[in-house]
Structure formats: structure tokens, C-alpha cells
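*Asks:* 3D model of this:
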Amino acid sequence: MRSARYSKVMLWRWRSNPLRRRVDAIEAWGVLAMWTLVAVGGVCVGWSSAHAVDMTTTRQRAGAHVVSVVLAEDAPTVPAMTAGKGSDGWVRARVTWAAPDGSRRVGEGWVEP
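*Replies:* This next block holds a predicted model:
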């Protein structure tokens with residue numbers, strides 16, 4: 001008995017009622033249409049965002065190349081307060097490498113201490 005009453009309360013805008021106005025039915029269908037559009041639109045936006053990120057990552061991966069680097073100076077040691085807090089033990093240090101055209105480059109990179 002209780003479940004039948006609950007279903008009537010949930011769908012109260014669609015049931016026949018002598019006091020129900022036409023505007024109430026239009027509002028109920030409008031709300032249903034809006035939530036359907038939000039659900040479908042959210043899925044479409046999520047899919048297109050994932051596709052865009054995948055394409056960008058693929059493009060970046062295609063432009064990257066592996067090089068061997070040499071430390072230009074000694075790497076600093078890991079401070080005790082940052083060890084084990086998501087740093088994975090890597091520190092930034094000055095390194096040199098050869099570019100694809102053969103020129104020598106200097107910059108900073110993540111290295112083990």
C-alpha cells in the first residue's frame with residue numbers, strides 16, 4: 001500500500017487531477033526535457049573533452065623524443081621535510097644535452113639526488 005502511494009506522489013504532476021492546470025503539465029514536461037538534455041549534454045561534453053585531451057596528448061607524444069642528459073653540476077640532496085611527500089625523491093638540477101640538430105643545450109630537469 002505504501003509503495004503505491006509513494007509512486008503517486010512521485011508522479012503527481014502527470015496524474016489526472018481536477019485541480020491540475022495546463023501550465024502545471026507543461027512545466028512538468030519542460031522540467032523532464034531539461035533534465036534529459038542536461039544528462040545527454042553532460043555525456044556529450046565529457047566525451048568531446050576526453051577526445052580533445054587524447055588528441056592533444058597524442059600530438060605532444062609524437063613531438064617528443066628521448067635524449068641522454070648529463071649533469072652540469074651536482075644535484076642537491078632532498079630536504080628531510082619534503083622527502084616522502086609526493087616528491088618521489090626527484091630534485092631539479094642543471095643538465096646538458098644534445099639537441100636533434102647536434103647543438104648543445106643547457107637547462108633544468110628532474111633527476112635523482
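*Asks:* most remote residue from the protein's center?
*Replies:* Distance from the C-alpha centroid of the chain peaks at Pro18, with 49.6 Å (CA atoms, centre = their mean).
*Asks:* What strand or helix carries that residue?
*Replies:* Under DSSP states H and E, no helix or strand contains Pro18.
*Asks:* Same check on Thr77?
*Replies:* Per DSSP H and E, there is no helix or strand for Thr77.
*Asks:* and Thr77, what does it touch?
*Replies:* 91, 113 (CB atoms under 8 Å, 6 or more residues apart in numbering). Where you see a C-beta, it was placed from the backbone N, CA and C, and this is true even at glycine.
*Asks:* Roughly how far does it sit from Val66?
*Replies:* 27 Å (CB to CB, to the nearest Å).
*Asks:* now swap in Arg94 and tell me
*Replies:* Arg94 sits 20 Å away from Val66 when distances are taken as CB to CB.
*Asks:* Tell me which of those two has more neighbours.
*Replies:* Neighbour count, other CB atoms under 10 Å: between Arg94 and Val66, Arg94 has more, with 14 against 4.
*Asks:* Am I right that the more buried one falls within a strand?
*Replies:* Yes - assignment of Arg94 by DSSP: H, G, I helix; E, B strand; the rest coil places it within a strand.
*Asks:* so it sits right up against Val111, yeah?
*Replies:* No - between Arg94 and Val111 there is no contact under CB atoms under 8 Å: 9.5 Å.
*Asks:* Find residues that contact each of these two.
*Replies:* By CB under 8 Å, 6+ apart, Arg94 and Val111 have these common neighbours: Leu71.
*Asks:* what residue ranges in the protein score low on pLDDT?
*Replies:* Per-residue confidence for the chain (pLDDT under 70) gives these ranges: 1-15, 78-87.
*Asks:* Which parts of the protein are strands?
*Replies:* 69-71, 91-98, 104-111 (DSSP state E).
*Asks:* Could you look over the ones you listed and pick the most buried one?
*Replies:* strand 91-98 (a mean of 15; mean count of other CB atoms under 10 Å).
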